[in-house]
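Asks: Dropping a prediction and its sequence here:
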Amino acid sequence: GAGVSQSPSNKVTEKGKDVELRCDPISGHTALYWYRQSLGQGLEFLIYFQGNSAPDKSGLPSDRFSAERTGGSVSTLTIQRTQQEDSAVYLCASSPYITSGGYTFGSGTRLTVV
Amino acid sequence: DQQVKQNSPSLSVQEGRISILNCDYTNSMFDYFLWYKKYPAEGPTFLISISSIKDKNEDGRFTVFLNKSAKHLSLHIVPSQPGDSAVYFCAASADTNAGKSTFGDGTTLTVKP
């Protein structure tokens, strides 16, 4: 596609349920990032994929969070046993390579845990 | 401890005037700095960056200044336009991968016609 696509755009879930958020990066972009933006705060790096290399998971806040990237393209961020503090906008970005800022962001998924 | 701080949550300027957005950081290992702009319901858009080997980088109406000794950077927008109204995020990286930057909380800029 022309841009980074994220789905769903909004997700309301009950505390304790698992959720999956999807990111479809720009075709050909080898680098993919997940971020979280809590209300009134800046973006928090979560995880980074580069090609077929092992992902950099250094930003994941707990073992309830995991992500996969299949075939070097689509990525899924999974949050298990959701908590209210997981409520945030989850943003995905991609770039052709490790770059000095030219990342293209998706519009995000707004997750609300009730 | 917040490593990147944008102390002004909001800023309002008149169209045609200069907008100055400020950012302070505490980690002396940061050596690459970025500014992003974000409109509501959209993802951030990269604006401009600066390496610690420079003290100024200019791109059209946007200029970023870096004062390493003060651990301070600023984004100047001249002249400001109503379309510049957005949330501006400052980000800093100590990693060769700028995608792993630490972000500030953002400053909401409103440019009045």
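Replies: Perfect, I can see it now.
Asks: Can you pull the residues of chain B lying near chain A?
Replies: Taking CB under 8 Å from any CB of the partner chain as the contact definition, chain B meets chain A at B:4, B:6, B:32, B:34, B:41-46, B:48-49, B:89, B:91, B:96-106. The way it works is simple: take the backbone N, C-alpha and C, and place the C-beta from them, glycine included.
Asks: Turn the buried ones among these into a named PyMOL selection, would you?
Replies: Command for PyMOL, covering only those of the residues of chain B next to chain A found buried under the criterion 16 or more other CB atoms under 10 Å in any protein chain shown:
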select buried, chain B and resi 4+6+32+34+43+44+46+48+49+89+91+97+98+99+100+101+102+103+104+105+106
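Asks: Narrow the residues of chain B next to chain A to those in helices?
Replies: Nothing among the residues of chain B next to chain A maps onto helices, per DSSP state H.
Asks: so how far is residue A:45 from residue B:112?
Replies: Going from residue B:112 to residue A:45 by CB to CB, to the nearest Å gives 34 Å.
Asks: for the record, mean pLDDT for stretch A:33-45?
Replies: Mean pLDDT, stretch A:33-45: 91.
Asks: how far does it sit from the chain's center?
Replies: Distance of stretch A:33-45 from its chain centroid, counting by CA atoms, centre = their mean, to the nearest Å, is 10 Å.
Asks: Give me the neighbour count for residue A:43.
Replies: 28 (other CB atoms under 10 Å in any protein chain shown).
Asks: check contacts around it.
Replies: A:35, A:36, A:37, A:91, B:44, B:89, B:91, B:103 (CB atoms under 8 Å, 6 or more residues apart in numbering or on different chains).
Asks: Spit out the contact partners of the nearest residue to the third one once chain neighbours are set aside.
Replies: Meaning residue A:37. The shortest distance from residue A:37 to any non-neighbouring residue, by CB to CB, 6 or more residues apart in numbering or on different chains, is to residue A:89 (4.6 Å). Residues in contact with residue A:89 (CB under 8 Å, 6+ apart) are A:36, A:37, A:108, A:109, A:110, A:111.
Asks: What helix or strand is residue A:89 located in?
Replies: Per DSSP states H and E: residue A:89 is located in strand A:88-95.
Asks: Can you give the strand pairings for that strand, parallel or anti for each?
Replies: strand A:31-37 (antiparallel), strand A:104-105 (antiparallel), strand A:109-113 (antiparallel) (DSSP bridges).
Asks: Could you identify which of those strands is most buried?
Replies: strand A:31-37 (a mean of 25; mean count of other CB atoms under 10 Å in any protein chain shown).
Asks: And the strands in chain B?
Replies: B:4-5, B:10-14, B:19-25, B:32-38, B:45-51, B:56-59, B:62-67, B:72-77, B:86-93, B:102-103, B:107-112 (DSSP state E).
Asks: now these in a markdown table, with mean pLDDT?
Replies: Shown next, in a markdown table, are the strands of chain B (pLDDT from 0 to 100):
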| stretch | mean pLDDT |
| --- | --- |
| strand B:4-5 | 95 |
| strand B:10-14 | 98 |
| strand B:19-25 | 98 |
| strand B:32-38 | 94 |
| strand B:45-51 | 92 |
| strand B:56-59 | 96 |
| strand B:62-67 | 98 |
| strand B:72-77 | 98 |
| strand B:86-93 | 95 |
| strand B:102-103 | 92 |
| strand B:107-112 | 97 |
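Asks: Let me know which of those strands is the nearest to residue A:78.
Replies: Taking CB to CB, strand B:102-103 is the member of the strands of chain B nearest to residue A:78, at 23.2 Å.
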